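J.: Sequence plus the predicted model coming up.
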Amino acid sequence: MSIAPADTIDLERYPILDLASARGRAVLAEQRRSLKDKGVAILPGFIKADACAEMARDGHALRERAHLEDVWGTAYLGPPDESFPEGHPRRTLLHSLTWVIAYDLVPPLAALRRLYEWDPLMMFVGEILERRRLYRMTDPLGALNVTVMSEGHTQGWHYDNAEFVVSLALQASNDGGKFECAPFVRSQTEENYDDVARVLDGDAPDLVQILPMVPGTLMIFEGRNSVHRVNPVIGDVPRIVALLAYDTRPDSDSSTAFKMLRYGRTGAGNR
């Protein structure tokens, strides 16, 4: 029997059903401050251990139906721009390799899907982001997806096109699989290519933060101006993370090209 959404969350620590309480206000203030200062809100222990284990088991069970995303591209989510000199970040190719389980493959009664489709969680995310009217993405493949990263899998350095990304850590690998980011390495007016080049070359310990992957953690990340990656997974235990897609627009969807790269198909049931 699937766990009800409210029962998956540590509501004592994160009272998302009573955000007007003193504890609720404190949680919102802390996470909003973290977003402003670091570009990321991190809520460890958001999901209870038993619920997290169930969601990870579901990820294991669905892995055989996943699509292997195996792509090369730049940190700017596109092909190399040869108008820039060789070695420039706009021409540097980076590899991403991971299994991706699309939304339509997650059973309707699965605990993870029920949690994603639960309005109080969406409203809580909106309150942290101070975007108080969010919508679930209309993409039948990408609204919710689960990444399963086996040994050697990685996500290359990149910026996000989306306004924000919401992730839920379900299972950690033996080693590696850590989230690395250079917060606000660029701005709306300045690309700071020299600093980005240092990050891509592995020569920017002063800019890069390494965040451990702890199961049960909810993370909200604003990655448009913070280049980030997942470093290679080591060992025979896969890294499993769920990505929950919300948007400020009611009709947001992914492009056909992105769907083919990410899921190997363009529509639900189209396999």
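T.: The structure has been received and is ready for your questions.
J.: Quick check: Cys77 touching Asn161?
T.: Rather than Cys, residue 77 is Leu. Yes: counting by Cβ atoms under 8 Å, Leu77 does reach Asn161; the two are 6.2 Å apart. Yep, even glycine has a C-beta here, placed from its N, CA and C like the rest.
J.: the helices in the protein, which residues?
T.: 5-8, 22-38, 49-62, 111-116, 119-129, 193-200, 256-263 (DSSP state H).
J.: For the third one, buried residues please.
T.: Residues 51-52, 54-56, 58-59, 62 are the ones in helix 49-62 that count as buried (16 or more other Cβ atoms under 10 Å).
J.: Over to the second one?
T.: Counting neighbours by 16+ other Cβ under 10 Å, one finds that the buried residues in helix 22-38 are 24, 27-28, 31, 34-35, 38.
J.: again, but for the fifth one
T.: Using 16+ other Cβ under 10 Å as the burial criterion, the residues of helix 119-129 that qualify are 121-122, 124-129.
J.: Show me which pair in those residues is furthest apart.
T.: Leu121 and Leu129 (12.7 Å; Cβ to Cβ).
J.: overlap in contacts of those two?
T.: Common neighbours of Leu121 and Leu129 are not found (criterion: Cβ atoms under 8 Å, 6 or more residues apart in numbering).
J.: Just send the buried residues of helix 49-62 back as CSV, with distance to Glu191 and pLDDT too.
T.: Output for the buried residues of helix 49-62, formatted as CSV (distance: Cβ to Cβ, whole Å; pLDDT from 0 to 100):
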residue, distance to Glu191, pLDDT
Ala51, 41, 97
Cys52, 38, 98
Glu54, 43, 97
Met55, 38, 98
Ala56, 38, 98
Asp58, 40, 97
Gly59, 36, 97
Leu62, 39, 97
